[in-house]
Structure formats: C-alpha cells, structure tokens
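Show me the folded form of this:
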Amino acid sequence: MSKIYLASSWRNPYQPLVLKALREAGHEVYDFRNPPHGGGGFKWNNVDPDWESWSNEKYIDSLTHPVAEFGFRNDMDAMRWADVCVLLLPCGKSAHSEAGWMQGAGKPTYVLLTDKQEPELMYKLFSGVFSRLEDLLSALKNGR
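Model (predicted):
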C-alpha cells in the first residue's frame, strides 16, 4: 500500500472522512491536523493570535518564526516520506503548493473533488482527477 500525503485545508469538512477511508484501505497517511510529533498541526494563530491583521512585511517576517519553521519542517519531511499525494478540495494555496511540489518530485498526485468546483485546466498536470472517493481508492489500489 501507499504512503500518502493528504494535502487539504483545516476548513475542509471532508478531510477526516477521507483520511479514515484511506487508512481503512491499508494506506499510511500523513495527517497535517495530527502530525506524528503529537503537538497538533501548524496554525498561524500559534505564531500570533492577531495574524489576520498582519501587513505583508509582518507575514514575511513570520515565515522565520520558530513555530512556522517547525510546522514547515514537519510537512516537508512528510512530503519527502510519502510516495503519493492526494489533493483534497476545497483547499487553499498551501495545499496546492504541496501538490505541485509532489507532482514535480515525480510522485503521483491525485485530485479529489468534493463539492461542486470551478473547473481548473491545470489539474491536467496531475496523475488523475476524481469526483468519487471510490474511484480514487481504485486508482491507488491499481497504481494508475
């Protein structure tokens, strides 16, 4: 079975369900919400509770904050560990960056659409796009 990096969003209500289904299918899956170190996943409010009011300069400076560095290192280590990526929509910029890195690193990357999505032509870059979890699980099982 595969070692999967599940790229998504904290706001995605389907993430726990997809995580569980992938694990029940026998895959090892990195859960950014509950990484192996046990300290919980990265959140900007752990850097600064007032993060939503930052200027661009404050945001750039905060990328080097120890909490941000630790969170980035955990996710990058998991991306290197994984041999497959699943981009679970809806999600944001970080998950798309992760999926792009994974595909660029030569690791199969699949997109799983949940709710109705705006079409994206460049998803053709990825190994497959699915609207049903069952189809994704089949693709993972058959290595396509």
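
which stretch of helix or strand covers residue 64?
Assessed by DSSP states H and E, residue 64 sits outside every helix and strand.

how close does it get to residue 136?
Residue 64 sits 36 Å away from residue 136, going by C-beta to C-beta, to the nearest Å. The C-beta positions use only the backbone N, C-alpha and C, and glycine is treated the same way.

What helix or strand is the closest residue to residue 25 other than its chain neighbours located in?
Distance criterion C-beta to C-beta, 6 or more residues apart in numbering; nearest residue to residue 25, sequence neighbours excluded, is residue 137 at 5.3 Å. Per DSSP H and E, residue 137 falls inside helix 133-142.

buried set for that helix?
Going by neighbour count (16 or more other C-beta atoms under 10 Å), the buried part of helix 133-142 is 133, 136-137, 139-140.

Report the mean per-residue pLDDT for that helix.
Across helix 133-142, pLDDT averages out at 95.

Quick one: residues in contact with that helix.
2, 4, 18, 21-22, 25, 27, 84, 86, 110, 112, 127-128, 130 (C-beta atoms under 8 Å, 6 or more residues apart in numbering).
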